[in-house]
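1. here is the input, now give the coordinates:
(one chain, ligands or ions: 2)
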Amino acid sequence: MIAPDLDSAVARLKNIVAAATTVVPFTGAGISTECGIPDFRSPGGIWTKNRLIPFDEFLASQEARNESWRRRFAMAEQFAAARPGRGHRALASLYSAGKVLAVVTQNIDNLHQASGLADEHVVELHGNTTYALCLDCTARYELPWVRERMDAANGCAPDCPACGGHIKTATISFGQAMPGSAMQRADELARSCDLFLAIGSSLVVWPAAGFPVLAKRNGARLVILNREPTEFDDVADLVVHADIGTVLEPFIGDRTSSTDVHRF
Ligand code: NAD
Ligand code: ZN
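-> Residues are numbered from 1 along each chain as shown. Ligands and ions are numbered 1, 2, ... in the order given. All right, here's what the predicted structure looks like:
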């Protein structure tokens, strides 16, 4: 059902969270817009500005790699300045309370970790843009290292000094294989939770968008919190079309919903 107004939405969500034992939040770009990172599909979003660079193009073309890194560095200040928002902090409170064991995210901005979740409790389906990896030997590189080399080579993106492989932010591009272990963990979390909270995702990017339905089919309640409708609103137990920070703010610091759950 769609919550009629903000107060009843928050009250219902509080009841649903209190009744749940294991909550799995599943977050998308919408949770980070208040942190200054635009989403993909809203007006002014990233897709309205840039044609995306598919993975095969990144592999095939030095110019595509240069362009991809130029775009990343054009957003460097935005990513560096971003701090966890109210949504991140609310989920961190549920995590401290033991209700949330791990967050599954489509985001690449590292803000769940910045809000206090341990790295191993953030399941990143699309990777992380705050560092880089060699696509061949998986050596890790920090972004200032890449930037220095590009600057020193007339904007030419560097390859891995160890093996010659291409270096890319640790994100998953369109056309790139999904990370197997993150997909498997997300699958397990979706199957085993009793409440699945889809927050700030348009739920159109597959296979990530399959998890809310998977959770629902396995008996979890499903809540969708997003400013715009999604195609899964019909199957959700509660749908809240409102601003994420406003709806989740009352959960910040909330220990009333604490439960005795062991985290592994
Ligand atoms: P999306 O852009 O498709 O959808 C975001 C949704 O959030 C939209 O439906 C929008 O209406 C809603 N939204 C935005 N701000 C909101 C707010 N304050 N309150 C309520 N709703 C709000 O994003 P997606 O579903 O996450 O999928 C796109 C892909 O984009 C992701 O897989 C991710 O890898 C990538 N991405 C990540 C970031 C990030 O890390 N912050 C930013 C942009 C894109
Ligand atoms: Zn390498």
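2. helix or strand: which one has residue 130?
-> According to DSSP states H and E, residue 130 maps onto strand 127-134.
3. average pLDDT across whichever helix or strand comes after that strand?
-> Under the assignment DSSP H and E, the closest C-terminal helix or strand after strand 127-134 is strand 140-141. Averaging pLDDT along strand 140-141 gives 98.
4. quick one, helices of the stretch 101-250 of the chain?
-> Using DSSP state H, counting those that start in this stretch, the helices of the stretch 101-250 of the chain run over 111-114, 143-152, 180-192, 210-217, 244-248.
5. now the ones you listed in a markdown table, with distance to residue 134?
-> C-beta coordinates here come from the backbone N, C-alpha and C atoms, glycine included. Output for those, formatted as a markdown table (distance: least, CB to CB, whole Å):
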| stretch | distance to residue 134 |
| --- | --- |
| helix 111-114 | 22 |
| helix 143-152 | 11 |
| helix 180-192 | 18 |
| helix 210-217 | 29 |
| helix 244-248 | 35 |
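6. out of the ones you listed, which is closest to ligand 2?
-> helix 143-152 (13.1 Å; CB to the ion).
7. let me see the backbone angles for residue 7.
-> Dihedral pair for residue 7: phi -60, psi -40, per degrees, to the nearest 10.
8. okay if I get the helices of the stretch 101-250 of the chain as a markdown table plus mean neighbour count?
-> Output for the helices of the stretch 101-250 of the chain, formatted as a markdown table (neighbours: other CB atoms under 10 Å):
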| stretch | mean neighbour count |
| --- | --- |
| helix 111-114 | 22 |
| helix 143-152 | 14 |
| helix 180-192 | 16 |
| helix 210-217 | 19 |
| helix 244-248 | 22 |
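9. tell me where this structure has strands.
-> Secondary structure of the chain, counting by DSSP state E: strands at 23-27, 103-105, 122-124, 127-134, 140-141, 167-171, 195-199, 221-225, 238-240.
10. which of those sits closest to residue 39?
-> Taking CB to CB, strand 23-27 is the member of the strands of the chain nearest to residue 39, at 11.4 Å.
11. chain center to the closest one: distance?
-> Put simply, strand 23-27 sits 10 Å off its chain's centre (CA atoms, centre = their mean, to the nearest Å).
12. can I get the strand holding residue 130 in CSV, CA atoms only?
-> Taking Å, rounded to 0.1, in the frame of the first residue of the first chain, the C-alpha atoms of strand 127-134 are listed here in CSV:
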residue,chain,number,x,y,z
GLY,A,127,31.8,-1.7,-6.9
ASN,A,128,33.5,1.4,-5.5
THR,A,129,34.7,4.5,-7.2
THR,A,130,37.0,5.8,-4.5
TYR,A,131,39.9,3.6,-5.5
ALA,A,132,41.1,1.8,-8.7
LEU,A,133,42.1,-1.7,-9.6
CYS,A,134,44.2,-3.3,-12.3
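13. now the angle from that strand to helix 143-152?
-> Counting by axes from the mean of the first three to the mean of the last three CA atoms, to 10 degrees, strand 127-134 lies at 60 degrees to helix 143-152.
14. what packs against strand 127-134?
-> Applying 3 or more CB pairs under 8 Å, 6 or more residues apart in numbering; DSSP states H and E, we find strand 127-134 packed against strand 140-141, helix 143-152, strand 167-171.
15. so which of these gets nearest residue 19?
-> Nearest of the helices and strands packed on strand 127-134 to residue 19, taken as CB to CB: strand 167-171 at 36.0 Å.
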